[in-house]
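Enquirer: Turn this into a structure:
(2 chains)
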2 protein chains.
Amino acid sequence: MSTVRQKANSRISHLRSLLCVGLDSDDQKIPEIFKKTGSPVLEFNRAIIRATSNSAVAYKINTAFYEARGIPGIQDMERTLADIPRACITIADAKRADIGNTSKKYAEAFFEHWSFDALTVAPYMGFDSLEPFFAYEDKLVFVLCLTSNEGSKDFEEQLLGDGRPLYETVLEKVNQWNRGGNAGIVVGATKNGQLEAIRAAAPDLFFLIPGVGAQGGSLDEAVRYGADSAKESALVNVSRSLIFPQGAFASIDAFEQAVSVESEKLHLAMKRAM
Amino acid sequence: MSTVRQKANSRISHLRSLLCVGLDSDDQKIPEIFKKTGSPVLEFNRAIIRATSNSAVAYKINTAFYEARGIPGIQDMERTLADIPRACITIADAKRADIGNTSKKYAEAFFEHWSFDALTVAPYMGFDSLEPFFAYEDKLVFVLCLTSNEGSKDFEEQLLGDGRPLYETVLEKVNQWNRGGNAGIVVGATKNGQLEAIRAAAPDLFFLIPGVGAQGGSLDEAVRYGADSAKESALVNVSRSLIFPQGAFASIDAFEQAVSVESEKLHLAMKRAM
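Expert: Numbers count the residues shown, from 1 in each chain, chains lettered A, B, ... in the order given. Reported below is the predicted structural model:
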């Protein structure tokens, strides 16, 4: 089992939490109060981290929101990474993959240059496009399996010749590719109808479950069906509904307080569901 | 038809070339002579651009090779972009895609912040993950369809319930999504057996055809079967076999000369095949 997976599971057991905080830090959505600081996105992320670090097992950085602003955005990503407590897992939600020599470079970028603990990758191009990521045995590699968006019907849920949907073939392959114990999958929380069956078919994979909150997935079911038999090996990601609380905030402290309350609510709900 | 597509086709007709130069500028592979300059990758790219700009329709920047070095790599990407002649098309080979609000940010990054003309995207998550890219009607969006790597067998070539491979369903959908005339597909040149049929099924899409050279695809067939009936709407990408010529080079001029000779050879072969 990979070092990162062990570390994640220790923290899951210790906190009785599966909370992954999604830093989808859209600079056009962050509260006004941060715009008075020199580094709005960075200070916003720092406030989120302070408010959630007692409940969070992991932080997921959605690279699109940082790349959208070019190098200044990527600088914010780097500074944010530096502020995430060492006890927590860092996930680059980057959905990369390409032919082997290119994937090797993406792996170098995220696992070496930026030292993320985990990365999301896209399966379309098959095994040799993912092998360079799996080669990092100490890390966690989450392969897209069944996502929470409408478009999952277009290809992921298309039935193959054997009558099973494409995502089940992806699942089966990732199971085979999990030799180093460092493989995981992304399954949307709006797909809870399928989540129980997916977990039954993949008892040994680590699950990253986005889609709770703004995307409408049920937290309870995500926790209950997503975790493995030891009530570990799953992270439930919450982004928008946690990091963008309703209302105007007179101070960063007030914002932090609102996020902290929501984070504790999520943590409590997870404890109950576990 | 998108402005970028028109521009690409004008240059294709004018030069009688489909050449796309792939700037897969691996800093560990670039000749020693560049290592004495202050910016090895940038000076290497500049030499490639000088050597190929009379034959190239487009330059394809493989983002992995720049991200691998973090911000200094991305700075090299930005400076390289600034040096590509305006007459040429710039393609970000980034293979991004995610849920809609995230893809919107990737589109902002590549089409607005970095002002690329075109972008490669991954289809697995379906239409709403690609719609934010297609919304840029003046650009070109290349969806992965059938790639040249071994792993294409894992999913792309899996047969669906109707007996057709997955990539054909992707092709059919991209045809439907091509309302703005800004859609294209990526088809590997090693798949020339299928290329003719794919072009017949998608007469109106723009084709990006990698895999010539190091990956073993035939240039002649890629040109003959990839272009549309007007002998336009296709780019044949060459990376490693063009930008890393064999041998040691005593000067940047000597390197440039070697690349120029290879580029002219490719151009001539394309003229003959067109």
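
Enquirer: who's in contact with the longest helix seen in chain A?
Expert: The longest helix of chain A (DSSP state H) is helix A:252-273. By CB atoms under 8 Å, 6 or more residues apart in numbering or on different chains, the surrounding residues in contact with helix A:252-273 are A:15-19, A:21, A:31, A:33-34, A:37, A:43, A:47-48, A:50-52, A:54-56, A:219-220, A:223-224, A:236, A:238, A:241-243, A:245, A:247, A:249. Heads up, the C-betas are built off the backbone N, CA and C, glycines and all.

Enquirer: mind running it again at 6 Å?
Expert: A:16-19, A:31, A:33, A:47-48, A:50-52, A:55, A:219-220, A:223-224, A:242, A:245, A:249 (CB atoms under 6 Å, 6 or more residues apart in numbering or on different chains).

Enquirer: Name the nearest residue to A:L195, ignoring sequence neighbours.
Expert: Nearest non-adjacent residue to A:L195, counting by CB to CB, 6 or more residues apart in numbering or on different chains: A:Y225, 4.2 Å away.

Enquirer: May I see the buried residues of the longest helix of chain A?
Expert: Judged by neighbour count using 16 or more other CB atoms under 10 Å in any protein chain shown, the buried positions of helix A:252-273 are A:252, A:255-256, A:258-260, A:262-263, A:266-267, A:269-270, A:273.

Enquirer: Including pLDDT, could those go into a markdown table?
Expert: Output for the buried residues of helix A:252-273, formatted as a markdown table (pLDDT from 0 to 100):
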| residue | pLDDT |
| --- | --- |
| A:I252 | 97 |
| A:F255 | 98 |
| A:E256 | 98 |
| A:A258 | 98 |
| A:V259 | 98 |
| A:S260 | 98 |
| A:E262 | 97 |
| A:S263 | 98 |
| A:L266 | 97 |
| A:H267 | 98 |
| A:A269 | 96 |
| A:M270 | 97 |
| A:A273 | 94 |
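
Enquirer: Just send the residues you listed back as TSV, with distance to B:F207 too.
Expert: Formatted as TSV, the buried residues of helix A:252-273 follow (distance: CB to CB, whole Å):
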residue	distance to B:F207
A:I252	51
A:F255	49
A:E256	51
A:A258	51
A:V259	48
A:S260	52
A:E262	48
A:S263	48
A:L266	47
A:H267	51
A:A269	50
A:M270	48
A:A273	49
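
Enquirer: Skipping its backbone neighbours, what lies nearest the residue in the stretch 151-274 of chain A positioned nearest to chain B in space?
Expert: Nearest to chain B, among the residues of the stretch 151-274 of chain A, is A:G151, at 2.4 Å (CB to the nearest CB). In this structure, A:G151 finds its nearest non-sequential neighbour in B:G126, 2.4 Å apart by CB to CB, 6+ apart.

Enquirer: Wait, that neighbour touches A:S148, no?
Expert: No: B:G126 is beyond contact range of A:S148, at 11.4 Å (criterion: CB atoms under 6 Å).

Enquirer: Give the buried residues for the helix or strand containing A:I91.
Expert: Following DSSP states H and E, one finds A:I91 within strand A:89-96. Counting neighbours by 16+ other CB under 10 Å, one finds that the buried residues in strand A:89-96 are A:89-96.

Enquirer: Let me have those in TSV, adding distance to chain B and pLDDT as columns.
Expert: Output for these, formatted as TSV (distance: CB to the nearest CB, whole Å; pLDDT from 0 to 100):
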residue	distance to chain B	pLDDT
A:I89	20	98
A:T90	15	98
A:I91	14	98
A:A92	10	98
A:D93	8	98
A:A94	9	98
A:K95	5	98
A:R96	7	98
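
Enquirer: and the stretch 101-250 of chain A, which of its residues are near chain B?
Expert: Neighbours of chain B within the stretch 101-250 of chain A, by CB under 6 Å from any CB of the partner chain: A:102, A:105-106, A:108-109, A:113, A:122, A:124-129, A:144, A:147, A:149-152, A:154-155, A:158-161.

Enquirer: does A:A248 count as helix, strand or coil?
Expert: coil (DSSP: H, G, I helix; E, B strand; the rest coil).

Enquirer: What sits closest to the residue most central in space within chain A if chain neighbours are left out?
Expert: In chain A, the centroid-proximal residue (CA atoms, centre = their mean) is A:K60; its distance is 4.7 Å. Closest residue in space to A:K60, ignoring its immediate chain neighbours: A:I91 at 4.2 Å, by CB to CB, 6+ apart.

Enquirer: still on that earlier bit, separate out the buried members of the contacts of helix A:252-273.
Expert: Of the members of the contacts of helix A:252-273, the ones counted as buried by neighbours, 16+ other CB under 10 Å, are A:17-19, A:31, A:33, A:47-48, A:50-52, A:55, A:219, A:223-224, A:242, A:245, A:249.

Enquirer: Among those, name the ones in strands.
Expert: Applying DSSP state E to these, the entries found in strands are A:L19.

Enquirer: mind checking the end-to-end distance for stretch A:161-169?
Expert: The straight-line separation of the ends of stretch A:161-169 (CA to CA, to the nearest Å) is 11 Å.

Enquirer: correction: stretch A:95-114
Expert: Note: stretch A:95-114 ends 16 Å apart using CA to CA.

Enquirer: So which bits of that stretch are buried?
Expert: Using 16+ other CB under 10 Å as the test for burial, stretch A:95-114 gives A:95-111, A:113-114.
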